[in-house]
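J.: Pasted the sequence and its predicted model underneath.
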Amino acid sequence: MAEFTTERLRTVAIVGHGAAGKTTLIEQLLAKSKMIGAAGSVERGSTVSDFDALEKAALHSLRAAVCHVDMKAPGAGGNGASGGSGAAGNNGNGVDDNKIRIHLVDTPGYPDFLGQALGALDAVETVAVVVSATNGIELTTRRMMEYAKSRALCRIIVINKIDHENIDLPGLLQNLQETFGAEVLPINLPAEQGKRVIDCFDTDTGTADFQSVADVHRRVMEQVVEVDDAAMEKYLEQGSVDPSSLHGPLEKALREGHIVPVCFVSARTGAGIGDLLDVIARHLPHPGEGNPPQFVVGRQDGEGKDDAVFQSAPDIGRHVIAHVFKVWNDPYVGKIGVFRVHQGRITKDTQLFVGNNKKPFKVAHPMLLQGKDLVEVSQLIPGDIGAVAKIDDIVFDAVLHDSHDEDFVHMRPLDFPRPMFGLALEPKRTGDVGRINDVLSKLAGEDPTLLVEHDAVLNETVLRGLSELHLRSVLDRMASVYKLEVGIRPPRIPYRETIAGNAEGHARHKKQTGGAGQFGEVYLRVAPLARGEGFQFEDVSKGGVIPYNYIPAVEKGVREVLASGYVAGYPMQDLKVTVYDGKHHPVDSKEVAFIAAGRKAMLDAMAKARPVVLEPIVAIEIAVPDQFMGDITGDLSARRGHVLGTEMSGSGARGGLMVVQGQVPLAELDGYANKLKSITAGAGSYSMQLSHYEAVPPNVQTQLAIEFKSKRRAEEED
């Protein structure tokens, strides 16, 4: 296999909404460059990137997949899109100057699997946003354009399905420009009803299906020269400029977001595929030209805003810096870490540290990926996307390096959506309790939008993801790969209890059984605290009425009541207990007596202190196209919520979404993900976090109390 220099590498993430044709597009790119014999089919389950059995069954991508194209460089002789694996142009050092390697990352398009798509952004210089000509701009189109812009990545738009009937390509192009800005400009145009495309960057002649090739060429030239004074001056003086002299200005315009090129293709027929390969090879930046990766130096302690910027360089002579953007556990190969090399060179036997780990691992086999296949190579250099296997210490988002000088270098965190949809998991077999935790740990390590929570109070394990579909795919993977099936149910609401008034409690615990007895007497007061202040315990008794060594026993009895609740069996919070008097016996008093007295005195006080049940109130942000605002706010009100405000998100009037900010009881959000999808036809999203606790309405408290008493009665009968 020929070796490459960094200047001969390109890295592109293929993103876009589900069913836009991303996986089929990659098949065509692989086939056109002769990396595979013929393009596979999603429907037949024969594609390189959708190799997982679950993906084949679902007929769409579930996880990011990596592959690469080796092709002849444009101008190197022959068709630039027919590279294959030949060895022409070797310079004698093993480096092929006539070939270019394009690393491609295929990503899922449905919002349910957004975490896998976002993780790919830190592995590339360029994001290619695929838009279906039949469906137009969709939710993931908007999201990925904004995410790529926020990471300072170069962007191109690929309009697919240009050969389909009843499409409006001029209208779609206009919509893209209105949504994302005038910098969205075509650099080729479809011709002969989508059977081929015409280059509009190098040429100004030809007949396209719509728009004038000459006009498009002029607009692109003017947009590019605007970022370069010398090119602008030449253009103004001569009225034109040689496109072959504009690589530098074009690359700068791409980095600054001053131009977002649009290419047209049909992944079904192959129209425009060779042209797209040519655009990637000729016009997109190599790893030394793109904006620098967003590394910072810090201890990842949550204070990222204070971290210092770390500037890596695509230099093979410097320390190794590589970033892990994907991890998966293969049942046969083991744990595989996929990373982008940003600095240095990785070869066989290179020793690498994972983050600030003190013990290095040795690279046994540096590898490239071609879908599921691991291809061993002699080296990985800046710009390469590689993999290592069977290294248990590798985790998602880790930085691999070969010197302790970079122990605390990490990538600026991506803004992943918060996993809110939850399912409580229960083992179907008693012996599976330990396995569940082990498998969930592996799955959560593969997906940054999976969260595993264990609530000790409710004694339940909750798996949280982005949607029901997201979690269903995880459960399917548990069953098919790990042969582990679990029961599921909605998570319990973490209610709490408190008191609304002041009260006093008294109890005397006296027990005589023939020998030494038990005696303890406690007087205490309870008072409510402000929300969020927790629990306070104070002893103000005087004169040794309760010896100091028994005060912890009194507190223990009080805390037993706090843990078990009074009204509905939920933990108590936001109250203060003050012990102010009591009695003891020099012989019969002991710790167990004061535990019992403290518990009974607390129960006595609770009966008089107007106990109430508290429910969690969450702050919610809902992003939706503005035409759904009325339905969203109405639904929120029906859920006992209220709107705090609204604002535009993202690009403002240019394609942004309306964001509704509000508060709503968590108990009212059961099934909300499906409801939101129904209201917005899948175009809405939401995030939430705990805001505070409030008292539940009286009817809800009554119902919870009835359920608690019924449950306790059933337990006593058992």
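T.: Alright, I've got the coordinates.
J.: Following the chain onward from the longest strand out of those in the chain, which element is next?
T.: Ordering each strand of the chain by length in residues (DSSP state E) puts strand 611-624 first. Following strand 611-624 in sequence order, the next helix or strand is helix 629-638 (DSSP states H and E).
J.: could you say what helices and strands that next one packs with?
T.: Secondary-structure packing of helix 629-638 (3 or more C-beta pairs under 8 Å, 6 or more residues apart in numbering; DSSP states H and E): strand 611-624, strand 642-648, strand 658-665, helix 672-680. For every residue, glycine as well, the C-beta is placed using N, CA and C.
J.: just checking, Ser541 touches Thr578?
T.: No. Under the criterion of C-beta atoms under 8 Å, Ser541 makes no contact with Thr578, lying 9.3 Å away.
J.: Show the low-confidence segments of the protein, by residue range.
T.: For the chain, applying pLDDT under 70 flags the ranges 1-2, 75-97, 299-306, 457, 514, 649-656, 718.
J.: Closest to the centroid, which residue in it?
T.: Relative to the mean C-alpha position of the chain, the nearest C-alpha, by C-alpha atoms, centre = their mean, is the one of Gly115, at 3.1 Å.
J.: how near is it to Ile187?
T.: Taking C-beta to C-beta, to the nearest Å as the measure, Gly115 falls 32 Å from Ile187.
J.: repeat for Val12
T.: 15 Å.
J.: do Glu453 as well
T.: For Glu453, the distance to Ile187 - C-beta to C-beta - is 48 Å.
J.: With His506 instead?
T.: 85 Å.
J.: cool, Pro491 as well?
T.: Look at Pro491 and Ile187: by C-beta to C-beta, they are 50 Å apart.
J.: do the same with Arg268
T.: 22 Å.
J.: more crowded one of these two?
T.: More crowded of Arg268 and Ile187, by other C-beta atoms under 10 Å: Ile187, with 23 against 17.
J.: quick one, what contacts the more buried one?
T.: Neighbouring residues of Ile187 by C-beta atoms under 8 Å, 6 or more residues apart in numbering: Asp199, Cys200, Phe201, Val216, Val220, Pro261, Val262, Cys263, Val279, His283.
J.: What of Cys67?
T.: Contact analysis of Cys67 by C-beta under 8 Å, 6+ apart lists Ile26, Leu30, Met35, Val48, Ser49, His103, Leu104, Asp106, Leu369, Gln370, Gly371.
J.: Let's verify it: helix, strand, or coil?
T.: strand (DSSP: H, G, I helix; E, B strand; the rest coil).
J.: wait, isn't Ile385 in contact with Leu9?
T.: No. If you go by C-beta under 8 Å, Ile385 and Leu9 don't touch, sitting 9.2 Å apart.
J.: And those two? Which one has more around it.
T.: Using other C-beta under 10 Å, the more surrounded residue of Ile385 and Leu9 is Ile385, with 26 against 23.
J.: who does the more buried one bridge with?
T.: Listed by DSSP bridges, the beta-bridge partners for Ile385 are Arg340.
J.: By residue count, which helix of the chain is the longest?
T.: Identified as the longest helix of the chain according to DSSP state H is helix 698-717.
J.: Quick one: distance of that one to the chain centre.
T.: 40 Å (C-alpha atoms, centre = their mean, to the nearest Å).
J.: and for it, what are the contacting residues?
T.: For helix 698-717, contacts defined as C-beta under 8 Å, 6+ apart pick out Tyr495, Gly565, Val567, Ala568, Gly569, Val612, Val613, Glu615, Ala667, Ala695, Val696.
J.: from those residues, which is closest to Val158?
T.: Taking C-beta to C-beta as the measure, Val158 lies nearest Ala667 of those, at 44.5 Å.
J.: I'd guessed the closest one sits against Ile493; true?
T.: Yes. Between Ala667 and Ile493 there is a contact under C-beta under 8 Å: 4.8 Å.
J.: Find the residues that touch each one of those two.
T.: Contact criterion C-beta under 8 Å, 6+ apart; residues shared by Ala667 and Ile493: Glu615, Pro616.
J.: What's the first helix or strand after whichever strand or helix holds the residue nearest to the centre of the chain?
T.: Gly115 is located in helix 114-119, with elements delineated by DSSP H and E. Moving toward the C-terminus from helix 114-119, the next helix or strand (DSSP H and E) is strand 126-132.
J.: Name the strands paired with that next one and say parallel or antiparallel.
T.: strand 9-16 (parallel), strand 154-160 (parallel).
J.: now for the helix or strand following the first one, which elements pack on it?
T.: Beyond strand 9-16 on the C-terminal side, the first helix or strand identified by DSSP H and E is helix 22-32. Taking 3+ C-beta pairs under 8 Å, 6+ apart as the contact definition, the neighbouring helices and strands of helix 22-32 are strand 9-16, strand 65-72, strand 99-106, helix 273-283.
J.: shared neighbours of Ile385 and Leu9, anything?
T.: His103.
J.: re earlier: name the surrounding residues that touch the helix holding Gly115.
T.: Helix 114-119 is contacted from outside by 13, 15, 61-64, 107-109, 140, 143-144, 147, 325-326, 396, 414-417, 447-450, 466, using C-beta under 8 Å, 6+ apart.
J.: and that helix, how far from the chain's centre?
T.: 5 Å.
J.: Name the residues of that helix that come out as buried.
T.: Using 16 or more other C-beta atoms under 10 Å as the test for burial, helix 114-119 gives Leu114, Gly115, Gln116, Ala117, Leu118, Gly119.
J.: swap in stretch 564-583?
T.: Across stretch 564-583, burial judged by 16+ other C-beta under 10 Å covers 565-582.
J.: go on, stretch 634-643?
T.: Neighbour counts using 16+ other C-beta under 10 Å place Asp635, Leu636, Arg639, Arg640, Gly641, Val643 of stretch 634-643 among the buried residues.
J.: Same check on stretch 582-597?
T.: By 16+ other C-beta under 10 Å, the buried positions in stretch 582-597 come out as Gly582, His584, Asp588, Ser589, Lys590, Glu591, Ala593, Phe594, Ile595, Ala596, Ala597.
J.: re earlier: a markdown table for the helices and strands packed on helix 22-32, including distance to Pro331?
T.: Conversion of the helices and strands packed on helix 22-32 to a markdown table gives the following (distance: least, C-beta to C-beta, whole Å):
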| stretch | distance to Pro331 |
| --- | --- |
| strand 9-16 | 27 |
| strand 65-72 | 17 |
| strand 99-106 | 21 |
| helix 273-283 | 34 |
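J.: I'd like to know which of those lies nearest to Ala182.
T.: helix 273-283 (19.2 Å).
J.: Can you tell me what sits against that closest one?
T.: Around helix 273-283, the neighbours that count as contacts under C-beta under 8 Å, 6+ apart are 10, 12, 25, 28-29, 32-33, 69, 71, 73-74, 79-81, 100, 102, 126, 156, 158, 187-188, 197, 199, 201, 247, 250-251, 254, 261, 263, 265, 267.
J.: For it, output the C-alpha coordinates as PDB.
T.: The C-alpha coordinates for helix 273-283 follow below in PDB (Å, rounded to 0.1, in the frame of the first residue of the first chain):
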ATOM      1  CA  ILE A 273     -19.900  11.400  -8.300                       C
ATOM      2  CA  GLY A 274     -16.600  11.900 -10.200                       C
ATOM      3  CA  ASP A 275     -17.100  15.600 -10.100                       C
ATOM      4  CA  LEU A 276     -17.600  15.500  -6.300                       C
ATOM      5  CA  LEU A 277     -14.400  13.500  -5.900                       C
ATOM      6  CA  ASP A 278     -12.600  16.100  -8.000                       C
ATOM      7  CA  VAL A 279     -14.000  18.900  -5.800                       C
ATOM      8  CA  ILE A 280     -12.800  17.100  -2.700                       C
ATOM      9  CA  ALA A 281      -9.400  16.500  -4.000                       C
ATOM     10  CA  ARG A 282      -8.800  19.900  -5.700                       C
ATOM     11  CA  HIS A 283     -10.600  22.400  -3.500                       C
END
